[in-house]
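I would like to see how this sequence folds:
(one chain, ligands or ions: 2)
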Amino acid sequence: MSIVAIVGRPNVGKSTLFNRLIQRREAITDAVSGVTRDRHYGKSDWNGKEFSLIDTGGYVVGSDDIFEAEIDKQVELAIDEADAIVFMVDVENGVTGMDQEVAELLRKSRKPYFLAVNKVDSSSRENDAVEFYSLGVEKYYTISSINGSGTGDLLDDLVKVLPDEPEQEEDTLPRFAVVGRPNAGKSSFINALIGEERYIVTDIAGTTRDSIDTKYNRFGFEFNLVDTAGIRKKSKVKEDLEFYSVMRSVRAIEHCDVVILVFDASRGFDGQVQNIFWLAQRNNKGIVILANKWDLIEKDNHSVKEFEKYIKKQCEPFVDVPIVFMSVHTKQRIYKAIETAVEVYKNRSKKVKTSALNDTMLPIIQATPPPQYKGKYVKIKFCTQLPTPYPSFAFFANLPQYVKDPYKRFIENKLRKEFDFTGVPITIYMRKK
Ligand code: GDP
Ligand code: GDP
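Numbers count the residues shown, from 1 in each chain. Ligands and ions are numbered 1, 2, ... in the order given. As a prediction, the model looks like this:
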């Protein structure tokens, strides 16, 4: 999928536009999980073309007193990684030095970019936008991120430059993507596996330019191991920028079946790791969490339990995720990690027979029906698993709109308990019968 990045100095309205463009789709996920999260990455579509959208501003810490150098990095990363760029400026402030600097970087690149002059909330401000021609563009788009005006014209032109989706790959092997922050131990992990593995068939160039695929066979199971750390870009940018690892992970995650999320246990399951976790969850991918560098942790009998509790706290409400405590250095549990990923893959492809599903779930629902709503009883009469690549279920009821999130979570938990979907996000739809 194409990536579109929004760049610009702080307070021009990047995140407002971002939220507007992803709203329709992401609102659905929020309703399911019942949580809202600060997010800087999402999917959008226009005229039938889907793309991933990244609000680069969201990745810069303390964005109020941002240094110019950080803006430069942001723009360079966008140039490196995105397929098209929305360069946003603010008509209230007029052209600033920082705008000129960004324009300069973009002009020198070959990336298609679109200058969006924001906060043109009324036609009286149209004229004020003229000064932005000084940024060296042939055309700019006057928009209002707040009320949406002008965004359609911008998107019309934007999606035209996005590459068409490649044909579906022939290679249908399961794909396990090894992702995480820089220095988590991803390369070491892959080297440890591949270095000793005799069953490797070939090294084939990655289907995306961000990763390398290795065909790998273990436990009688063949899959592609997707290495996102292996390719280092020529970019001068410091690699410990969260933005960088997320950008790197986006495509790999979208194209995989199971995400193997490696993090450095001595540094913790921090916000940046969590961002990648939610990225995988929102994309309905299987997930295995690898707490690496376990050798560095001072341990007693309770350490694993406590650590597990700490990680799951960050993953709520999606806590049915396997965590493997691993040390690549001492080779502790590196194969357990792969074995677990294979199990998660199987859980994700699991299809529960409709009869078994109804035989199990209907009595449970009967014993604990959805609470009355506005004095009406909700009756769930039938359920079935949908033919999606990840587990999703439809429950048919007389009044589906009255079944609220807590009850959906109750159903989800029962499905997990009865059929084992460890490591896999589940989607539940209530439908009218
Ligand atoms: P960012 O730092 O570039 O992500 O900017 P934000 O999206 O956080 O917006 C900064 C401020 O500008 C906020 O107070 C927004 O409400 C305001 N803002 C954003 N878009 C518009 C717009 O189209 N018109 C007006 N008048 N204000 C806007
Ligand atoms: P990547 O950026 O995620 O690919 O991380 P690397 O594989 O390059 O590892 C980063 C650093 O962590 C290197 O110095 C590794 O030697 C070290 N490292 C990786 N795994 C372990 C481990 O299990 N224990 C310890 N102590 N260090 C590790």
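
where's Tyr345 relative to Asn47, distance?
35 Å (Cβ to Cβ, to the nearest Å). C-beta coordinates here come from the backbone N, C-alpha and C atoms, glycine included.

The two: which has the busier surroundings?
Tyr345 (22 against 10; other Cβ atoms under 10 Å).

Let me see the contact set for Gly268.
When contacts are counted by Cβ atoms under 8 Å, 6 or more residues apart in numbering, Gly268 touches no other residue.

Show me where the stretch 201-350 of the chain dips below the pLDDT cut-off.
201-212, 229-248 (pLDDT under 70).

That one against ligand 2: which residues are in contact?
Within the stretch 201-350 of the chain, the positions near ligand 2 by Cβ under 6 Å from any ligand atom are Ala229, Asn292, Lys293, Asp295, Leu296, Ser327, Val328, His329.

Report the contact partners of the nearest residue to the last one once chain neighbours are set aside.
If I follow you right, that is His329. Leaving aside its chain neighbours, His329 sits nearest to Asp295 (5.4 Å; criterion: Cβ to Cβ, 6 or more residues apart in numbering). The contact partners of Asp295, by Cβ under 8 Å, 6+ apart, come to Ser327, His329, Thr330, Gln332.

Torsion angles phi and psi at Cys315?
Main-chain dihedrals, Cys315, degrees, to the nearest 10: phi -100, psi 0.

let me fix that: Arg20
Dihedral pair for Arg20: phi -60, psi -40, per degrees, to the nearest 10.

Give me every residue in the stretch 51-200 of the chain lying close to ligand 1.
Residues of the stretch 51-200 of the chain lying close to ligand 1 by Cβ under 6 Å from any ligand atom are Gly57, Ser63, Asn118, Lys119, Asp121, Ser144, Ser145, Ile146.

In helices, which of these appear?
Judged by DSSP state H, helices contain none of these.

Filter the residues you listed down to the buried ones and hand me the ChimeraX line.
ChimeraX command restricting these to the buried ones, with burial defined by 16 or more other Cβ atoms under 10 Å:
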select :57,63,118,119,121,144,145
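
Would you mind giving the residues of the stretch 51-200 of the chain next to ligand 1 as JSON lines with pLDDT added?
Shown next, in JSON lines, are these (pLDDT from 0 to 100):
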{"residue": "Gly57", "pLDDT": "72"}
{"residue": "Ser63", "pLDDT": "43"}
{"residue": "Asn118", "pLDDT": "98"}
{"residue": "Lys119", "pLDDT": "97"}
{"residue": "Asp121", "pLDDT": "95"}
{"residue": "Ser144", "pLDDT": "97"}
{"residue": "Ser145", "pLDDT": "95"}
{"residue": "Ile146", "pLDDT": "94"}
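
and which of the residues of the stretch 51-200 of the chain next to ligand 1 is nearest to Phe318?
Taking Cβ to Cβ as the measure, Phe318 lies nearest Gly57 of those, at 27.0 Å.

show me the contacts for that closest one.
Ile6, Val7, Gly8, Pro10, Lys14, Ser15, His40, Ser63, Gln74.

Could you do Lys433 as well?
Lys381, Phe382, Phe396, Ala397, Asn398, Pro400.

can you pick the most crowded of those?
Ala397 leads the contacts of Lys433 on contacts (other Cβ under 10 Å) with 20 neighbours.

doesn't Asp90 make contact with Gly13?
Yes: contact criterion Cβ atoms under 8 Å: Gly13 and Asp90 qualify, at 6.6 Å.

what touches both of those two?
Asn118, Lys119.

picking that back up, as JSON lines, the contacts of Gly57 with secondary structure and distance to Asp83 would be great.
Formatted as JSON lines, these follow (DSSP: H, G, I helix; E, B strand; the rest coil; distance: Cβ to Cβ, whole Å):
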{"residue": "Ile6", "secondary structure": "strand", "distance to Asp83": "13"}
{"residue": "Val7", "secondary structure": "strand", "distance to Asp83": "14"}
{"residue": "Gly8", "secondary structure": "coil", "distance to Asp83": "18"}
{"residue": "Pro10", "secondary structure": "coil", "distance to Asp83": "24"}
{"residue": "Lys14", "secondary structure": "helix", "distance to Asp83": "18"}
{"residue": "Ser15", "secondary structure": "helix", "distance to Asp83": "21"}
{"residue": "His40", "secondary structure": "coil", "distance to Asp83": "17"}
{"residue": "Ser63", "secondary structure": "helix", "distance to Asp83": "24"}
{"residue": "Gln74", "secondary structure": "helix", "distance to Asp83": "16"}
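
Which among these count as buried?
Buried among the contacts of Gly57 (16+ other Cβ under 10 Å): Ile6, Val7, Gly8, Pro10, Lys14, Ser15, His40, Ser63, Gln74.

where's the dip in pLDDT among those residues?
On pLDDT alone, Ser63 ranks lowest of the buried ones among the contacts of Gly57, at 43.

can you pull the contacts of the residue nearest to the spatial centre of the chain?
With distances taken as Cα atoms, centre = their mean, Leu279 lies nearest the centre of the chain, 2.3 Å away. Residues in contact with Leu279 (Cβ under 8 Å, 6+ apart) are Tyr41, Val246, Ser249, Val250, Ile253.

Am I right that the last one is in a strand?
Just to be clear, that refers to Ile253. No: counting by DSSP: H, G, I helix; E, B strand; the rest coil, Ile253 falls outside a strand, being helix.

now it: how far from ligand 2?
Relative to ligand 2, Ile253 is positioned 15 Å away (Cβ to the nearest ligand atom, to the nearest Å).
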